[in-house]
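Colleague: Prediction below, plus the sequence it came from.
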Amino acid sequence: MRTNITNKPRAGFTLIEILVAFAILGLAASAVLAVFSSSPGRISRAENRRMAVIEAQSILDLVGNERPIEAGEWQGDLPGGGRWTLVMSPYGDADKKSDDTRTPATRPYLVKVHASSGAAWSAGTADIETIRLQTGAP
């Protein structure tokens with residue numbers, strides 16, 4: 001009796017196929033983990049930026065009300081370790097002398113506010129620029 005040896009297909013996976021599957025699974029898991037692990041840092045930076053914008057707007061609101069409009073630079077500290085800087089300077093030709101001896105009724109000033117909030121690793125910053133008019137007697 002003669003037996004016929006035939007190649008039967010084997011069921012299951014080879015060791016190489018299993019290693020490749022684990023490598024792909026590991027790459028996908030590390031990508032998902034990177035997204036979730038960076039989220040707290042992004043949230044912290046976004047919150048610090050929001051606080052810096054609020055503080056910068058608060059400093060700007062003081063200009064012309066509690067702080068007179070005049071050329072100069074001022075700095076200060078914010079709660080939570082932040083800092084702010086306010087710079088006011090005449091805008092355009094407002095600081096140039098003319099032949100006219102009359103004082104203009106209004107003078108434009110460029111007002112710049114820079115605020116930073118939060119720790120150095122997650123600091124948020126805000127810069128606001130605007131023009132304010134210094135009013136005086138004509």
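Modeller: Received it, and whenever you're ready, just let me know what you need. Residues are numbered from 1 along each chain as shown.
Colleague: quick one: low-confidence ranges for the chain?
Modeller: Within the chain, the segments meeting pLDDT under 70 span 1-10, 93-104, 120-121, 137-138.
Colleague: can you give me the strands for it?
Modeller: 72-77, 83-90, 106-117, 124-135 (DSSP state E).
Colleague: Including mean neighbour count and distance to Ile59, could the ones you listed go into JSON lines?
Modeller: Using the backbone N, CA and C atoms, a C-beta is placed for each residue, glycine as well. What follows is the strands of the chain, written out as JSON lines (neighbours: other C-beta atoms under 10 Å; distance: least, C-beta to C-beta, whole Å):
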{"stretch": "strand 72-77", "mean neighbour count": "11", "distance to Ile59": "8"}
{"stretch": "strand 83-90", "mean neighbour count": "17", "distance to Ile59": "5"}
{"stretch": "strand 106-117", "mean neighbour count": "20", "distance to Ile59": "5"}
{"stretch": "strand 124-135", "mean neighbour count": "15", "distance to Ile59": "8"}
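Colleague: Turn these into CSV, including distance to Leu19.
Modeller: Below are those laid out as CSV (distance: least, C-beta to C-beta, whole Å):
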stretch, distance to Leu19
strand 72-77, 57
strand 83-90, 54
strand 106-117, 49
strand 124-135, 45
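Colleague: So what's the residue count around Ala23?
Modeller: Ala23 has 10 neighbours, counted by other C-beta atoms under 10 Å.
Colleague: ok, now Ile54?
Modeller: Neighbours of Ile54 (other C-beta under 10 Å): 13.
Colleague: how far away is it from Pro40?
Modeller: Per C-beta to C-beta, to the nearest Å, Ile54 is found 21 Å from Pro40.
Colleague: One more: Glu55?
Modeller: Counting by C-beta to C-beta, the gap from Glu55 to Pro40 is 22 Å.
Colleague: quick one: which of the two has more around it?
Modeller: The residue with more neighbours, out of Glu55 and Pro40, is Glu55; 23 against 10, by other C-beta under 10 Å.
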